[in-house]
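Novice: No letters, just coordinates:
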């Protein structure tokens with residue numbers, strides 16, 4: 001089923017010069033870039049994106065990380081895009097991510113883990129609306 005998903009190539013991956021390699025993974029998997037934007041976000045925007053995490057102990061360092069430098073916001077389109085992107089990304093902890101996944105190859109740690117992806121079509125719609133003003 002053709003669907004859209006939302007992805008962030010996080011500041012660590014941008015700073016390390018891994019954007020092209022990561023984008024290639026999506027395209028090689030048959031996903032298409034529908035929207036893409038390089039931006040720096042502030043704390044208020046991070047709070048809106050991570051609204052469900054605001055009260056968690058891990059959130060303040062995540063907020064600081066996500067606002068430290070440029071990131072790439074993407075909308076990817078393809079058959080089963082949400083599940084396919086999450087499989088391409090691998091486990092949040094790169095030390096246990098499957099070999100060949102984006103996080104196994106490019107992430108520094110569980111916190112500095114290179115990429116974000118929507119976890120459901122509903123989350124994707126919310127995130128796309130927030131970042132790109134569309135559903």
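Specialist: Yes, it's here. None of these values were measured; they are calculated from a predicted model.
Novice: When you work out contacts or count neighbours from here on, use the C-alpha atoms and nothing else.
Specialist: OK.
Novice: mean confidence score for stretch 39-53?
Specialist: Mean pLDDT, computed over stretch 39-53, is 97.
Novice: Okay, buried residues for that stretch please.
Specialist: 45, 46 (16 or more other CA atoms under 10 Å).
Novice: How about the residue most central in space within the chain: what's its closest non-neighbour residue?
Specialist: Nearest to the geometric centre of the chain sits residue 116, at 2.3 Å (CA atoms, centre = their mean). Taking CA to CA, 6 or more residues apart in numbering as the measure, residue 116 lies nearest to residue 8, with 4.9 Å between them; neighbours along the chain are not counted.
Novice: surely the one you found meets residue 113?
Specialist: No: because the distance of 10.7 Å does not satisfy CA atoms under 8 Å, residue 8 is recorded as not touching residue 113.
Novice: Could you check which of those two has the larger neighbour count?
Specialist: Between residue 8 and residue 113, counted using other CA atoms under 10 Å, residue 113 has the larger neighbour count: 23 against 20.
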